[in-house]
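> generate coordinates for the sequence data below:
(chains A and B)
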Amino acid sequence: MRNMIVLNVVTKRFNTLTAVDNITCRVEKGEFFALLGPNGAGKTTVVRMLLGFIKPTSGSITIDGIPVSNPQARKQVGYLAENHMIPPYLSGHEYLRRHAALIGSTGKDALMEVDRVLEVVSMKGREKEKSAAYSKGMKQRTGLAAALLGQPKLLILDEPVTGLDPLGIRDVRNILENLRDQGVTVFLNSHFLSEVEKTCRTLAIMNNGRILVKDSIRSIIEDDETLEDVFIKYTE
Amino acid sequence: MNRFLKITGYTIRDQMRHKSFFVLLGLSILFVMMIRGCYNGQYVVNGRQLNNVMVAWHVSKIVFQIIASGMFLIVILLSMKIFSRDHEDGSQVLFLSRPVFRWQYILGRITGTWLLSLIFMFILHATIFLTAWIKTGAIIPGYLTASLVCSINLLFIVVSVCFLSLFLPDFISAVFTVGGLFIGYISDGGYQILHSGIFKTSMPSVPASSPAMWRILYPKVYMVQAYADSIISQSSFNSMGPVHPILNVAFYIILITTLMLVTFDRKEI
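Residues are numbered from 1 along each chain as shown, chains lettered A, B, ... in the order given. Alright, predicted model coming up:
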């Protein structure tokens, strides 16, 4: 099976509002995919449906061939939410150990894996502090560390650089580029067009619940254009 | 199953991290320490000294019911914020973004809170049991068994509050649960009084009437406590209706938990 994510004629309505309107989209394994769109376009609704947090009104969604209604679909998925929250009574280390335990990693393996991801997101040394004392950027880094636990096959990142300073943004970009080179499938939902342009290979632009275009970045952006020009062209 | 057990363990640890838990624990210990004095006194009625063992037995029985009822308040306080707090602090996303079934999350949270409450209540009852034993040298048979019997009421309260909190603000769901318990206490307590030996002796002319159907079907939380009391007293138990109160409460626990699982399965995170 080549497709990691398949959204098949998916619609999501909230009362009278149609947040996602009959979208069909495939993300291949190893693809580095970005979903772009203005606020209210339906991107976060798509992400929430991918994780099974909300159910589509109609249509079907699978991850690696498994319907997302089955929690096993999330076994190889790492997720970073926009404005990532960590229970304030947990330290970063405890939080990551819980994530590790829930994906089946325990004992020494879990500790080693937690240490590895803390190193990757540059949070080593702060992991024993309660997360209530973390800044927004530190919470985001810890959330990214949680998403990287267990070397997932698919990473779903919802605005991963929100709250990060320029150094943090650079670090995240480096992490994502490494993952891309390792063949991890990444589904990125972001407003940071410059980051998307630097890291992603395929993108889709959404507006009013519909996917307006989906193709490789090279095909979408013409010679004299920037991604910003393309974004404005499709969404304005 | 493994993840359900993990969430149960996390719930116990999480509940114990909140300051309110230690405040409640402190108040409960203070209460038990105050009661201790009742076992030391010499009680004289009409010039006759009462048997210390009998006094201790009666005090222990009263305190048993005070602890069992007081635990209702503690359990309500522990349960009412489970889902709203998990939603606000990211715990729901933590669990449900992983390969965790929603039933594992719900049942893990409920079981953890119930086990913690059960242990809490058992420790308080065991303290009274040991105090009575040490002070009088007499063991009250069935005291600890009765504590375990009453723990089914705690589970009923946990599922009721959690279920209501899916629809209502936390405080309102707690008030509704207290209201429901109060109605049961009035209904079942009245029935127990009307069918007690003392009442029949003192007012033999009052005819015994069968209770209305809703009273028979109503959750029998009070009756479970009355049954626990009969275990301590080693006396006969006068149940309302053909169904034993434990089965009645167990039925409601299963019903409410099922409704909660169905409701939460449709809930948007």
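
> count the residues that sit near the residue in the stretch 151-269 of chain B positioned nearest to chain A.
Closest to chain A within the stretch 151-269 of chain B is residue B:269: 3.8 Å, counting by CB to the nearest CB. Using the backbone N, CA and C atoms, a C-beta is placed for each residue, glycine as well. By other CB atoms under 10 Å in any protein chain shown, 16 other residues sit near residue B:269.

> leaving out the residues flanking it, which one is nearest to it?
Once flanking residues are discounted, residue B:269 sits nearest to residue A:53: 3.8 Å by CB to CB, 6 or more residues apart in numbering or on different chains.

> give me the phi and psi angles of that neighbour.
Per-residue torsions, residue A:53: phi -70, psi -30 (degrees, to the nearest 10).

> give the full set of residues in contact with it.
Going by CB atoms under 8 Å, 6 or more residues apart in numbering or on different chains, residue A:53 touches B:93, B:96-97, B:268-269.

> these in strands, which ones?
Nothing among the contacts of residue A:53 maps onto strands, per DSSP state E.

> let's see if you can find the most crowded of these.
Most neighbours among these, by other CB under 10 Å: residue B:97, with 25 neighbours.

> residues near the closest residue to it other than its chain neighbours, how many?
Distance criterion CB to CB, 6+ apart; nearest residue to residue B:97, sequence neighbours excluded, is residue A:79 at 4.4 Å. Close neighbours of residue A:79, defined as other CB under 10 Å, add up to 24.

> on the three-state scheme, residue 175 is what?
This is for chain A. Per DSSP: H, G, I helix; E, B strand; the rest coil, the local secondary structure of residue A:175 is helix.

> the intended chain is chain B.
Residue B:175 - assigned by three-state DSSP - is helix.

> what's the local residue count around it?
So residue B:175, with other CB under 10 Å, has 15 neighbours.

> mind listing what residue 5 touches?
Picked chain A for this. Each residue near residue A:5 by CB under 8 Å, 6+ apart is listed here: A:25-27, A:33, A:50, A:61-63, A:154, A:185, A:187.

> hmm, no, I was thinking of chain B.
Here residue B:5 is in contact with residue B:108 (CB under 8 Å, 6+ apart).

> show me which residues of chain A sit near chain B.
Residues of chain A lying close to chain B by CB under 8 Å from any CB of the partner chain are A:48, A:51-55, A:71-75, A:77, A:79, A:81, A:84-89, A:95, A:98-99, A:101-103, A:146.

> try 6 Å this time
By the rule CB under 6 Å from any CB of the partner chain, the part of chain A lying against chain B is A:51, A:53-54, A:71-72, A:74-75, A:79, A:81, A:85-87, A:89, A:101-103.

> state the pair within those residues that is farthest apart.
Farthest apart among the residues of chain A next to chain B by CB to CB are A:72 and A:89. That separation is 29.8 Å.

> with just CA atoms, put the helix or strand where residue B:222 lies into CSV.
Assigning secondary structure by DSSP states H and E places residue B:222 in helix B:221-233. Taking Å, rounded to 0.1, in the frame of the first residue of the first chain, the C-alpha atoms of helix B:221-233 are listed here in CSV:
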residue,chain,number,x,y,z
VAL,B,221,-28.1,3.9,47.8
TYR,B,222,-29.6,4.3,51.2
MET,B,223,-30.7,0.7,51.3
VAL,B,224,-27.1,-0.5,50.6
GLN,B,225,-26.0,1.4,53.7
ALA,B,226,-28.9,-0.1,55.6
TYR,B,227,-27.7,-3.5,54.4
ALA,B,228,-24.2,-2.7,55.5
ASP,B,229,-25.5,-1.7,58.9
SER,B,230,-27.4,-5.0,59.1
ILE,B,231,-24.0,-6.8,58.5
ILE,B,232,-22.4,-5.0,61.4
SER,B,233,-25.5,-5.5,63.6
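
> for the chain, give me the ranges with low pLDDT.
Just going to use chain A. A:1 (pLDDT under 70).

> to clarify, I was referring to chain B.
In the predicted model, chain B carries pLDDT under 70 at residues B:1, B:206-208.

> let me see the contact set for the residue nearest the centre of chain A.
The centroid of chain A falls nearest to residue A:157 when counting by CA atoms, centre = their mean (1.5 Å). For residue A:157, the contacting residues are A:80, A:188, by CB atoms under 6 Å, 6 or more residues apart in numbering or on different chains.

> could you look up the SS state of residue A:152?
Following three-state DSSP, we place residue A:152 in the coil state.
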